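Q: predicted model, plus sequence, below.
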Amino acid sequence: MPPLAVSQPDTQSPDAPFLLHRVRVARRERLSAGFVRLTFTGPTLDRFADPGLDQRIKLILPGEAGSLDDLRFVDDWYGAWRGLPDERRPVIRTYTTRAVRPAAREVDVDLVLHEPSGPAGRFAAGCREGDEAVLCGPNVRAATSGGGIDFRLPPAARRVLVAGDETALPAIARILEALPLGVRGVALVEVPSGDDGTQLPAHPGVEVRVLVRGSAPIGSLLAAAVRETAPRLVTTAVGEEPEDVDVDVGLLWEVPEGGDGPLYAWLAGEAGVIKALRRLLVAELGVDRRSVAFMGYWRRGRAEGS
Ligand SMILES: Cc1cc2nc3c(=O)[nH]c(=O)nc-3n(C[C@H](O)[C@H](O)[C@H](O)COP(=O)(O)OP(=O)(O)OC[C@H]3O[C@@H](n4cnc5c(N)ncnc54)[C@H](O)[C@@H]3O)c2cc1C
């Protein structure tokens, strides 16, 4: 594989919370009907930290002009990116690390193949070994944490409800891998096809249910399963009406520091679906909202960042 061309000097602080990394696709593996695993490699990936759980990262791809050359490898790379003219601005999308192997300088990301598609989905579908991209991820030498982990299990929690659609499957897999063995609960994952859920690991205390959507509307199986499952996990009822969020205008993202009840819930997926689940859990079933993290991972009909 040819070395990566250095078009811009790298002046990022060695202890910055997050770092940009020039990478290439080392391998592309079709995991299932709906998922592709991309293994990225790059000379600086030994500095890519791996705190696990739902750590979010950025995948940066060539924009309309087909190049990453205008991206600046500086601490305020995002400010510089925003200042670029539209046609020269690379595309930024949010993903989850499925595996990080610093010694091998490799990072795995599992991407959904979706319709309608977008730049990241198309990259997943059509990229080849050697194609260039940039990853932005946490830094092993960070002086301060840059955040990006939203699964924050409160010390008192003994039961979990983890639920999401296919975009949350990589995060749910990593959460299952990291959950303490004494925790009990249910993980519900709605996926388009039967073989999509086969990548999920087992946990001795967590019942993992894969809900195969087929042609049913996105979120419909998830909503029914949360409605059926949550009552047996909920023991305290607070019954607070959550504030309304217009998912077409605002970001649905509420990550509390954690309540003191025994149940902790983490929900991620299409924003409209997650908004409905949030109402179901908090207003109808009375789950303490301080114990529930809700995240709109994508919005139907909207490209990320639009
Ligand atoms: C914290 C976080 C972690 C995430 N982790 C992952 C991950 O590990 N793997 C993963 O695949 N995704 C993940 N996502 C979701 C991913 O960022 C979005 O699906 C993103 O929109 C994909 O970018 P795109 O360029 O393909 O499509 P965009 O250009 O953003 O959107 C184009 C069109 O595609 C639609 N669209 C976007 N995603 C989907 C979908 N899944 N199904 C159907 N239509 C869709 C949009 O509504 C829009 O109409 C994560 C999102 C967040 C916020």
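A: In hand now; what should we look at? Source: prediction; values computed, not measured.

Q: need the three-state assignment for Val208.
A: strand (DSSP: H, G, I helix; E, B strand; the rest coil).

Q: let me know how buried it is, in neighbour terms.
A: Here the count is done by other Cβ atoms under 10 Å, and Val208 has 18 residues near it. (Glycine included, C-beta is placed from N, CA and C.)

Q: quick check, Tyr264 in a strand?
A: Yes - counting by three-state DSSP, Tyr264 falls inside a strand.

Q: now do the end-to-end distance for stretch 81-92.
A: Chord length of stretch 81-92, first to last residue, is 10 Å (Cα to Cα, to the nearest Å).

Q: quick one: contacts of that stretch?
A: Contacts to stretch 81-92, defined as Cβ atoms under 8 Å, 6 or more residues apart in numbering, come from residues 58-65, 67-68, 70-72, 119-120, 134, 304-305.

Q: buried sites along that stretch?
A: Neighbour counts over stretch 81-92 (16 or more other Cβ atoms under 10 Å) mark 81, 88-92 as buried.

Q: stretch 167-178 too?
A: So, applying 16+ other Cβ under 10 Å, buried residues of stretch 167-178: 167-176.

Q: please report phi then psi for the residue in the stretch 101-250 of the chain positioned nearest to the ligand.
A: The stretch 101-250 of the chain approaches the ligand most closely through Gly118 (2.0 Å), counting by Cβ to the nearest ligand atom. For Gly118, the backbone dihedrals are phi -150, psi -180 (criterion: degrees, to the nearest 10).

Q: also the one 4 residues further on?
A: Note on Arg122: its backbone torsions stand at phi -70, psi -40 [degrees, to the nearest 10].

Q: need the residues of the stretch 151-300 of the chain near the ligand, please.
A: Residues of the stretch 151-300 of the chain found near the ligand (Cβ under 6 Å from any ligand atom) are 167, 170, 297-300.

Q: how about TSV for those, with pLDDT and distance to Ala216 added?
A: What follows is these, written out as TSV (pLDDT from 0 to 100; distance: Cβ to Cβ, whole Å):
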residue	pLDDT	distance to Ala216
Thr167	98	17
Pro170	98	22
Tyr297	97	19
Trp298	97	18
Arg299	96	19
Arg300	95	14
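
Q: looking at these, which is nearest Val212?
A: Thr167 (15.9 Å; Cβ to Cβ).

Q: from His114, how far out is that closest one?
A: To His114, Thr167 is 8 Å away according to Cβ to Cβ, to the nearest Å.

Q: now Leu135
A: 21 Å.

Q: cool, and Gly194?
A: From Gly194 to His114 the distance is 17 Å (Cβ to Cβ).

Q: show me the beta-bridge partners of the residue lying closest to Phe48 once chain neighbours are set aside.
A: Excluding the flanking residues, the one nearest Phe48 by Cβ to Cβ, 6 or more residues apart in numbering is Gly137, at 4.8 Å. In this entry, Gly137 is beta-bridged to Leu19, by DSSP bridges.

Q: settle it for me: which of Gly194 and His114 has more neighbours?
A: Each of Gly194 and His114 has its neighbours counted (other Cβ under 10 Å); His114 has more, 17 against 12.

Q: all the strands of this protein, residue numbers only.
A: 18-30, 35-41, 56-61, 91-96, 99-101, 106-112, 132-138, 159-164, 184-191, 206-212, 253-254, 263-270, 292-298 (DSSP state E).

Q: write out the residues of the stretch 1-150 of the chain neighbouring the ligand.
A: 56, 93-96, 110-112, 114, 116, 118-121.

Q: buried subset of those residues?
A: 56, 93-96, 110-112, 114, 118-121.

Q: pLDDT wise, what is Ala173 at?
A: On pLDDT, Ala173 comes in at 98.

Q: list the contacts for it?
A: Ala173 neighbours (Cβ under 8 Å, 6+ apart): 98, 199-201.

Q: now, of these, which are buried?
A: 98, 199-200.

Q: circling back to that earlier point, among the buried residues of stretch 81-92, show me the least confident.
A: Arg88 (91).

Q: what would the buried residues of stretch 81-92 look like in TSV with distance to Arg278?
A: Listed next are those as TSV, based on distance: Cβ to Cβ, whole Å:
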residue	distance to Arg278
Trp81	31
Arg88	38
Arg89	33
Pro90	33
Val91	29
Ile92	26
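
Q: that's all I had, so thanks and see you.
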